[in-house]
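J.: Got a sequence here, can you model it:
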Amino acid sequence: MTTTAVRTDAQIQRDVLDELAWDPRVEPQEIGVSVDDGVVTLTGWVDSYARKWAAWRCAQRVRGVRAIADDLEVRLLGEERYTDGDIAIAVSRALEWDSFVPAERLDVTVANGWVMLRGEVEFGWQRRTAESEVRRLRGVRGVTNLVEVRPAVRPDGERIRRDVQRALLRGIGTERVTVEVDGDTVILGGVVRSWWERDQAERVAWSAEGVRAVRDQLLVGG
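T.: I've put the predicted structure just below:
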């Protein structure tokens, strides 16, 4: 029988720094990393929201990370500054060009580079896709996603629970994730081995037909 040694904060910090240096989307020179009992705190600044997101994902990928506190600041360089009007047009076009996003049902407002999305979609994955399209655009300093999910079909709790559980077994191969359904809300519980597994579990839950909300109570580690 083999056991997995608990990783020290120093090991996790070193691996996060190495992952930041490895990812070509991140420029880690201005990013600080501290770790306390497996909780990683990112500090400093980056020149785009896309890099901020990429840095957060880097920390997610490191084994032993239990939680992430993202204190990174987005500072746009002089030549990278765009007006709110420019950003609003870019966001609208990006959403229109994505065939999986019902752009006609979404409203976009921009204030000081911060994008706010409103509207309604039928599936949770459409809400997630819309946000991912926006956060990679130049000039964006942050995103607030207020898009509501309103399924076209009435939720069948037992079918949703069964389908999500099967999809989790196919995708991440674990039975340690519990699935409960309360009306049109999926509640995920239990323990996963990594942040990647947690993200995949949430993605699976949002993909189920009839789901309006996902409550993620998963723990990472162990």
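J.: which residues sit against the host helix or strand of V110?
T.: Following DSSP states H and E, one finds V110 within strand 106-111. By CB atoms under 8 Å, 6 or more residues apart in numbering, the surrounding residues in contact with strand 106-111 are 84-85, 87-88, 91-92, 95, 115-119, 121, 130, 147. Where C-beta positions appear, they are placed from N, C-alpha and C, glycine not excepted.
J.: now the residues you listed: which count as buried?
T.: The neighbour count (16 or more other CB atoms under 10 Å) marks I87, A88, V91, L95, V115, M116, L117, G119, V121, A130, V147 as buried among the contacts of strand 106-111.
J.: Secondary structure of the third one: a helix, I assume?
T.: Yes - if the criterion is DSSP: H, G, I helix; E, B strand; the rest coil, then V91 is within a helix.
J.: Contacts only, for it.
T.: Here V91 is in contact with V108, V110, V115, E133, V134, L137, V140 (CB under 8 Å, 6+ apart).
J.: Show me which of those is closest to V164.
T.: E133 (25.0 Å; CB to CB).
J.: The residue nearest the centre of the chain and L188: what is the separation?
T.: Central residue of the chain (CA atoms, centre = their mean): D199, 7.0 Å from the mean position. When distance is defined by CB to CB, to the nearest Å, D199 is 11 Å away from L188.
J.: now do Q200
T.: 11 Å.
J.: Looking at those two, which one has more neighbours?
T.: The residue with more neighbours, out of Q200 and L188, is L188; 21 against 17, by other CB atoms under 10 Å.
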